[in-house]
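Undergrad: Let me see the structure of the following:
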Amino acid sequence: MTMGRWKSRAIVAAAASLVGIAAPANTSGVHPGPMTREQAYARADALTALGRQMFFDPALSASGKQACSSCHDPNHAFGPASASPVEMGGAKLDQPGVRAAPSLRYLQAAPAFTELFYDSEDEGDESVDNGPTGGLTWDGRADHGKDQARIPLLSSLEMGNKDEAEVVASLRKAPYADAFKATFGADVFDHPQDAFDAAVEALGTFEQSSADFYPYSSRYDAFLAGKAQLSARELHGRALFEDESKGNCASCHLSEPANDGEPPQFTDYGLIAIAVPRNPAIPANADPSYFDLGLCGPLRTDFNGHNEYCGLFKTPTLRNVALRKSFFHNGYFHTLREAVAFYASRDTDPGHWYPKKVDGTVDKFDDLPKVYWANLNTDPPFNGRKPGDKPALTDAEIDDIVAFLGTLTDADQAGQ
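TA: Modelled structure (predicted):
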């Protein structure tokens, strides 16, 4: 399945959608009315400040020990600090998750999920459907920051609150409770559902409108602005990254500025199936009948039974990817080089990546039932290569791509 090139929206437009929150003249209340532009931005500032406090508050979890920042560490580009493929959560912090925690950086321009995506800038052909695109989670089921924020608060595998009222009870006792009431109304805690909706709105605003999440301060950004140089190796890696007959990485991880000059997001926001090997380190995978099929379930339920979507996962941004200690939705790989090499030889040397069956044959695509193999991406560097064929990339070329990816680390993360 070929994913189109989503030309990411300008940050200004994304911020405007976040601050375009209706509010009355005093800019308080959960269900506000019309307000001026200045009031809208003032309210957005208030929401961001509240969201920031909530993001680092472990008291909002059932255990009292897990904040949003526990899995989305600001010192690791708001991704996990550990190499574990999944994080532990729940009321006693003894429940393993089923997917790797993604970075929360550079989500501000992600479009809402759509099954059909027609990119008018895709080689001038507006008739080509580029398939499922958008959303904020691995399976695209959350369209907005507030929708994403509610997931970990109520998940039994994450922050473990039994319901919205339990979250609100914690908020009522928080040191920022008065600021919460000042923003959303003095009686906000008397209406638990409204208070919960207000809380996730604040979290979503912080996560998508705060410059903490999209600094665009990497050496590559400086290079694009003519303020830094890349080494010969990094430049070669960039060329391989963009070469359609070699890495072809840029077909999904866009590396050039948009037509309006906005910095590249290094994702087209598409969902794609590449059959990462099954990770036995994820406890859920001990059940041989369990499969995480991404877009068609089990965490996302509205496309259950849509076989054409099984195995598809969101294309993440590659910004700050060199900081990660586990890769892909199931955290199977633990080095960036392994992740790149997998693309290069998934089909030419499957025995290197996949386990063997009892009869000694390679159990290729072992985490995707064969009935869904038609969904697998076959664009370069895959494109029909068979076991024993020459891979698209040499070892030295893989190393150069990895070197280029190292230039995508934001300045505030350097040395982490």
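Undergrad: residue ranges for the strands of this structure, please.
TA: 88-89, 95-96, 271-272, 313-314 (DSSP state E).
Undergrad: Let me have those in CSV, adding mean neighbour count as columns.
TA: In short, each C-beta sits where N, CA and C put it, glycine included. Output for the strands of the chain, formatted as CSV (neighbours: other C-beta atoms under 10 Å):
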stretch, mean neighbour count
strand 88-89, 21
strand 95-96, 17
strand 271-272, 24
strand 313-314, 24
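Undergrad: Turn those strands into a markdown table, columns for distance to residue 174 and mean pLDDT.
TA: Converted to a markdown table, the strands of the chain look like this (distance: least, C-beta to C-beta, whole Å; pLDDT from 0 to 100):
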| stretch | distance to residue 174 | mean pLDDT |
| --- | --- | --- |
| strand 88-89 | 20 | 98 |
| strand 95-96 | 24 | 98 |
| strand 271-272 | 36 | 97 |
| strand 313-314 | 32 | 98 |
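Undergrad: Now distance to residue 163 too, for these, in JSON lines please.
TA: Putting these into JSON lines (distance: least, C-beta to C-beta, whole Å) gives the following:
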{"stretch": "strand 88-89", "distance to residue 163": "16"}
{"stretch": "strand 95-96", "distance to residue 163": "17"}
{"stretch": "strand 271-272", "distance to residue 163": "30"}
{"stretch": "strand 313-314", "distance to residue 163": "28"}
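Undergrad: Which pLDDT value goes with residue 35?
TA: pLDDT, residue 35: 79.
Undergrad: Out of the strands of the chain, flag the one nearest residue 307.
TA: Among the strands of the chain, the nearest to residue 307 by C-beta to C-beta is strand 271-272 (14.5 Å).
Undergrad: re the thing from before, for the strands of the chain, which one sits closest to residue 236?
TA: strand 271-272 (25.7 Å).
Undergrad: Could you tell me how many residues sit around residue 235?
TA: 16 (other C-beta atoms under 10 Å).
Undergrad: again but with residue 305, I slipped
TA: 8.
Undergrad: From residue 296, how far out is it?
TA: For residue 305, the distance to residue 296 equals 7 Å [C-beta to C-beta, to the nearest Å].
Undergrad: Need phi/psi at the residue lying closest to residue 58 once chain neighbours are set aside.
TA: Take residue 58 and drop its neighbours on the chain: the residue closest to it by C-beta to C-beta, 6 or more residues apart in numbering is residue 67, 4.3 Å away. Per-residue torsions, residue 67: phi -100, psi 170 (degrees, to the nearest 10).
Undergrad: Quick one: neighbours of residue 67, just the number.
TA: 18.
Undergrad: any idea how far residue 89 is from it?
TA: Residue 67 is 11 Å from residue 89, by C-beta to C-beta.
Undergrad: Spell out which residues are contacts of both of these two.
TA: Counting by C-beta atoms under 8 Å, 6 or more residues apart in numbering, the shared contacts of residue 67 and residue 89 are residue 61.
Undergrad: Provide a complete list of residue ranges assigned to helices in the stretch 1-150 of the chain.
TA: 11-19, 37-55, 68-71, 145-154 (DSSP state H, counting those that start in this stretch).
Undergrad: Could you tell me the least trusted of those?
TA: helix 11-19 (a mean of 38).
Undergrad: neighbours of residue 371, just the number please.
TA: The burial count for residue 371: 9, using other C-beta under 10 Å.
Undergrad: now it, nearest residue through space, not along the chain?
TA: Counting by C-beta to C-beta, 6+ apart, the residue nearest residue 371 is residue 307, at 6.8 Å.
Undergrad: now residue 332
TA: Going by C-beta to C-beta, 6+ apart, residue 332 has residue 279 as its nearest residue, at 4.4 Å.
Undergrad: With residue 328 as the reference, measure out to that neighbour.
TA: Distance from residue 279 to residue 328, by C-beta to C-beta: 9 Å.
Undergrad: Can you give me the pLDDT of the closest residue to residue 54 other than its chain neighbours?
TA: Nearest non-adjacent residue to residue 54, counting by C-beta to C-beta, 6+ apart: residue 203, 5.6 Å away. Model confidence at residue 203, given as pLDDT, is 97.
Undergrad: and what of residue 403?
TA: At residue 403, pLDDT is 98.
Undergrad: Neighbours of it, how many?
TA: Residue 403 has 19 nearby residues by other C-beta under 10 Å.
Undergrad: now swap in the one 4 residues further on and tell me
TA: The number of residues packed near residue 407 is 20, by other C-beta under 10 Å.
Undergrad: any idea how far it lies from residue 235?
TA: On the measure of C-beta to C-beta, residue 407 and residue 235 end up 10 Å apart.
Undergrad: now swap in residue 388 and tell me
TA: The separation that residue 388 has from residue 235, given C-beta to C-beta, amounts to 32 Å.
Undergrad: again with residue 102
TA: Applying C-beta to C-beta to residue 102 and residue 235 gives a distance of 29 Å.
Undergrad: Identify the residues contacting residue 336.
TA: By C-beta under 8 Å, 6+ apart, the neighbours of residue 336 are 321-322, 324, 327, 402, 405.
Undergrad: Could you do residue 217 as well?
TA: Residue 217 neighbours (C-beta under 8 Å, 6+ apart): 410-412.
Undergrad: so which of the residues you listed is the most crowded?
TA: residue 410 (20 neighbours).
Undergrad: Not counting its neighbours along the chain, what's nearest that one?
TA: Residue 410 sits nearest to residue 217 (C-beta to C-beta, 6+ apart), 4.8 Å away.
Undergrad: tell me the phi and psi of the one you found?
TA: According to degrees, to the nearest 10, residue 217 has phi -120, psi 20.
Undergrad: Tally up the residues packed near the nearest residue to residue 76 once chain neighbours are set aside, please.
TA: Leaving aside its sequence neighbours, residue 76 sits nearest to residue 323 (C-beta to C-beta, 6+ apart; 5.5 Å). Neighbour count for residue 323, taken as other C-beta under 10 Å: 22.
Undergrad: same thing with residue 350?
TA: Residues contacting residue 350 under the criterion other C-beta under 10 Å number 18.
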